[in-house]
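Student: got a sequence here, can you build the structure:
(2 chains)
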Number of protein chains: 2
Amino acid sequence: MDHSRQILTRFSWVLAVIFTLAHQAFAGTPLPSWNDGPARQAIIDFVKRTTDPASPDFVPAEARIATFDNDGTLWVEHPMYTQLAFALDRVRALAPQHPEWKATQPFKAVLENDLKSLAAAGDKGLMELVMTTHAGMSTAEFEAEVKSWFTTARHPRFKRPYTEMTYLPMVELLQYLRENGFKTFIVSGGGIEFMRPMTQSVYGIPPEQVIGSSIKTQFEMKDGKPVLMRLPEINFIDDKTGKPVGINMYIGRRPIAAFGNSDGDLQMLQWTAAGDGARLMMLVFHDDATREYAYGPAGGQPASPFGTFSQATMDEAKKSGWTVISMKNDWSRIFDFDE
Amino acid sequence: MDHSRQILTRFSWVLAVIFTLAHQAFAGTPLPSWNDGPARQAIIDFVKRTTDPASPDFVPAEARIATFDNDGTLWVEHPMYTQLAFALDRVRALAPQHPEWKATQPFKAVLENDLKSLAAAGDKGLMELVMTTHAGMSTAEFEAEVKSWFTTARHPRFKRPYTEMTYLPMVELLQYLRENGFKTFIVSGGGIEFMRPMTQSVYGIPPEQVIGSSIKTQFEMKDGKPVLMRLPEINFIDDKTGKPVGINMYIGRRPIAAFGNSDGDLQMLQWTAAGDGARLMMLVFHDDATREYAYGPAGGQPASPFGTFSQATMDEAKKSGWTVISMKNDWSRIFDFDE
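Tutor: Numbering: from 1, shown residues only, chains lettered A, B, ... in the order given. Below is the predicted model:
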């Protein structure tokens, strides 16, 4: 390092100290939409322990990796996953070019709004819907479809764009962690290319920090221009045991904090918890039918095909000292549009 | 945004301006190991055009994505890929537990240093070596093996640890781009988990910005602890048409700059070039047998099984206006240990 560099390095340290002091002086109370309670306290304690250089649990900034499930953790997943709503809308939009769908399941069920037959089609039927509506086009074309849909589609109960159906306390948490040097990632069972068009503007998370399920793509030359075509073939399922696999594949190191809301997040929390040093594992529990939804079946709440939170997962959380967030008790506001 | 936030935001702007001015005043000449010439000039012009807010080619910081091949672009790939040297050393280390290898190809060839038979085993033989030496253990165990190997193994010609066999001008380039707000990624045909243990210390690139080939992993519980086991099955080949696929899968947006050195990088450069706005595509050409190696077969140099740079790729580079870096003419120093 030459002399001018040394001066610069020292100078930038001084600036960093000034900035930190200024930040502490001016920043408001963190996590304003969280009620005072064990969940909020667990977050603040964890951040203090891992970011204070004098703490025995101090973690250098580059290792402050926090992973977040998306559906049911950062935004609403009822009455159905947002991506499923997108797939159903795509079926309706494409139906005029596919007259045969009027007589073929699971498409017939979608066109007739026959949710019972749709449910009966099971995972295989859902997969067929996803492949039909998500493949056979370039990545650029799919991105344009998703972006366009987000501008027009509305949540059936709240009559808001899906990009407003995010949980304000979680958005505050993402920001609070980043202000404390954490790098925030999404690790979702949802489609990676369905999420990426909105994660930056909605969560402040860039596309390269989004991990999700994916279908295969193939490099092709079309009219002398390279394109990536989306193939009707599964590439990776980022759910359950797939979440630690995805974390290892994309991030290459273990998170120190992980946030989920369902049985699909169990292995991500186990994987995060198994590392050395301070750890924070949290599960959002949907127990507020008035302001959002209530489902489990943990706690005797109604079961749900989307975002199952089983009693076994609740028991493991209790046993392992993970924090369960009660939407009803821990959050003073749920949505940004709440009073 | 409340009032204290506004003050903070303004204050941090002032600091950013001071920092930038200080940086410009104190920073030395960029890219000191590059000779003055078209390659160095192309880099500096590109950075100026994309980072000056007054430039019509200005690119916001978050979209300044630069991707780098590793073998032959950032470090030496002769007389063989570093990862192959690792695999051969692993075969030798594991041989006592595998007496049958003395009579089985391709292991016999490795143990007898019979490079002719090894070459005759072809891709299938190499794949068998990689699967045998890279799978059947946890990700943590493999990482420990790789780290340990890097501390003891030496390059056969230069007698240096492989982590010193990096090209100083390229390390300067990585740093120069990052100082100008670029996010630097590795996009290599090499194994992702072979590279990640060294990329931070050697290139300043964190594991989550390393993309490479991979084998499948599987989440398992062992003695109540979760582990990821490495399976002898290909997950992804990050080479040729796989590079744009990998870029899309991991980064989710198109680079504005890409750097390679062989036919395996062609599609990455095509994919990068096909985006709108300012673009920088460069290929390192190995034409310095004295200080490093000379191979092609472009330019009539000897062909090589590692890092083929064909005349067709050279022709496409010329036709497309990509910059070919002559190691001999463009680099005043190649290694940090050079005089």
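
Student: near chain B, which residues of the stretch 201-339 of chain A show up?
Tutor: By CB under 8 Å from any CB of the partner chain, the part of the stretch 201-339 of chain A that sits against chain B consists of A:206-210, A:214, A:217-219, A:225-226, A:228, A:235, A:241-242, A:244-245, A:248-253, A:267, A:270-271, A:274. Placement of C-beta: from N, CA and C, glycine included.

Student: which among those end up buried?
Tutor: A:206-210, A:214, A:217, A:219, A:226, A:228, A:235, A:241-242, A:244-245, A:248-253, A:267, A:270-271 (16 or more other CB atoms under 10 Å in any protein chain shown).

Student: what segments of the stretch 51-200 of chain A are helices?
Tutor: Secondary structure of the stretch 51-200 of chain A (DSSP state H, counting those that start in this stretch): helices at A:82-94, A:107-111, A:115-120, A:122-134, A:139-152, A:168-179, A:192-203.

Student: and the very next helix or strand once past the last one, average pLDDT?
Tutor: This points to helix A:192-203. Once the chain leaves helix A:192-203, the next helix or strand it forms, by DSSP states H and E, is strand A:210-222. Strand A:210-222 comes out with an average pLDDT of 97.

Student: against which helices or strands is strand A:210-222 packed?
Tutor: Strand A:210-222 sits against strand A:183-191, helix A:192-203, strand A:225-236, helix A:242-250, helix B:242-250, with contacts defined as 3 or more CB pairs under 8 Å, 6 or more residues apart in numbering or on different chains; DSSP states H and E.

Student: could you dump those to CSV with distance to residue B:259?
Tutor: CSV is the format used below for these (distance: least, CB to CB, whole Å):
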stretch, distance to residue B:259
strand A:183-191, 25
helix A:192-203, 24
strand A:225-236, 18
helix A:242-250, 22
helix B:242-250, 12
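
Student: of these, which is nearest residue B:306?
Tutor: Of all the helices and strands packed on strand A:210-222, it is helix B:242-250 that lies closest to residue B:306, at 17.0 Å by CB to CB.

Student: quick check: the residue nearest the centre of chain A vs chain B, distance?
Tutor: Centroid-nearest residue in chain A, with CA atoms, centre = their mean: residue A:70, separated by 1.9 Å. From residue A:70 across to chain B, the span is 15 Å (CB to the nearest CB, to the nearest Å).

Student: among the helices of the stretch 51-200 of chain A, which is nearest residue A:30?
Tutor: Among those, the nearest to residue A:30 by CB to CB is helix A:168-179 (5.0 Å).

Student: mind giving me the packing neighbours of the helix or strand in which residue A:41 is found?
Tutor: Secondary-structure assignment from DSSP H and E places residue A:41 in helix A:38-51. On a contact count with 3+ CB pairs under 8 Å, 6+ apart, helix A:38-51 meets helix A:168-179, strand A:280-285, strand A:323-326.

Student: who are the neighbours in contact with the residue in the stretch 51-200 of chain A that chain B sits nearest to?
Tutor: With CB to the nearest CB as the measure, residue A:196 is the residue of the stretch 51-200 of chain A nearest to chain B, at 4.7 Å. For residue A:196, the contact set (CB atoms under 8 Å, 6 or more residues apart in numbering or on different chains) comprises A:143, A:207, A:210, B:252.

Student: how about JSON lines for these, with distance to residue A:127 added?
Tutor: Shown next, in JSON lines, are the contacts of residue A:196 (distance: CB to CB, whole Å):
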{"residue": "A:143", "distance to residue A:127": "22"}
{"residue": "A:207", "distance to residue A:127": "25"}
{"residue": "A:210", "distance to residue A:127": "22"}
{"residue": "B:252", "distance to residue A:127": "23"}
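
Student: between those, which sits nearest residue A:66?
Tutor: Among the contacts of residue A:196, and counting by CB to CB, the member closest to residue A:66 is residue A:210, at 13.6 Å.

Student: what number of neighbouring residues does the residue nearest to the closest one when sequence neighbours are not counted come out with?
Tutor: Excluding its sequence neighbours, the residue lying closest to residue A:210 (CB to CB, 6 or more residues apart in numbering or on different chains) is residue A:186, at 4.7 Å. Residues near residue A:186, counting by other CB atoms under 10 Å in any protein chain shown, number 24.

Student: residue A:186 reaches residue A:195, doesn't it?
Tutor: Yes - here residue A:186 reaches residue A:195: they are 6.4 Å apart, a contact under CB atoms under 8 Å.

Student: mutual contacts of the two, please.
Tutor: Counting by CB under 8 Å, 6+ apart, the shared contacts of residue A:186 and residue A:195 are A:70, A:210, A:212.

Student: identify the residue spatially nearest to the residue of the stretch 101-250 of chain A found nearest chain B, adjacent ones excluded.
Tutor: Nearest to chain B, among the residues of the stretch 101-250 of chain A, is residue A:207, at 3.2 Å (CB to the nearest CB). Counting by CB to CB, 6+ apart, residue A:207 lies nearest to residue B:252, which is 3.2 Å off, once chain neighbours are set aside.

Student: now do the contacts for that neighbour.
Tutor: A:192, A:193, A:196, A:207, A:208, A:210 are the contacts of residue B:252 under CB under 8 Å, 6+ apart.

Student: so residue A:32 is in which element?
Tutor: Residue A:32 belongs to no helix or strand, assigned by DSSP H and E.

Student: ok, the residue lying closest to it once chain neighbours are set aside to residue A:161 distance?
Tutor: Leaving out its chain neighbours, the residue that sits closest to residue A:32 by CB to CB, 6+ apart is residue A:172, at 6.7 Å. Here residue A:172 is placed at a distance of 20 Å from residue A:161 (CB to CB, to the nearest Å).

Student: what separates stretch A:193-208 from the chain centre, distance-wise?
Tutor: Remark: stretch A:193-208 is offset 10 Å from the chain centroid, using CA atoms, centre = their mean, to the nearest Å.

Student: check stretch A:62-79 too.
Tutor: Offset of stretch A:62-79 from its chain centre (CA atoms, centre = their mean): 3 Å.

Student: show the average pLDDT along that stretch.
Tutor: The pLDDT scores in stretch A:62-79 average 98.

Student: same thing with stretch A:331-339?
Tutor: Mean pLDDT, stretch A:331-339: 95.

Student: measure how far that stretch is from the centre of its chain, please.
Tutor: 19 Å.

Student: can you measure across it, start residue to end residue?
Tutor: End-to-end distance for stretch A:331-339: 13 Å, by CA to CA, to the nearest Å.

Student: quick check: closest non-adjacent residue to residue A:114.
Tutor: Among residues not flanking residue A:114 along the chain, residue A:108 sits closest, at 7.4 Å (CB to CB, 6+ apart).

Student: separation between that neighbour and residue A:91?
Tutor: Relative to residue A:91, residue A:108 is positioned 10 Å away (criterion: CB to CB).

Student: which residues do those two both contact?
Tutor: Listed as contacting both residue A:108 and residue A:91 by CB under 8 Å, 6+ apart are residue A:101.

Student: of the two, who's got more company?
Tutor: Using other CB under 10 Å, the more surrounded residue of residue A:108 and residue A:91 is residue A:91, with 19 against 16.

Student: just give me the neighbour total for the closest residue to that one other than its chain neighbours.
Tutor: Once flanking residues are discounted, residue A:91 sits nearest to residue A:110: 4.6 Å by CB to CB, 6+ apart. Neighbour count of residue A:110, defined by other CB under 10 Å: 24.

Student: same question, the one 10 residues further on
Tutor: Per other CB under 10 Å, the neighbour tally for residue A:120 reads 12.

Student: ok, it to residue B:95 distance?
Tutor: Plainly put, residue A:120 is 57 Å away from residue B:95 if you go by CB to CB.

Student: swap in residue A:116?
Tutor: For residue A:116, the distance to residue B:95 (CB to CB) stands at 63 Å.

Student: looking at these two, which is more packed in?
Tutor: Between residue A:116 and residue B:95, residue B:95 has the larger neighbour count (other CB under 10 Å), namely 15 against 7.

Student: how near is the more buried one to residue A:127?
Tutor: For residue B:95, the distance to residue A:127 - CB to CB - is 46 Å.
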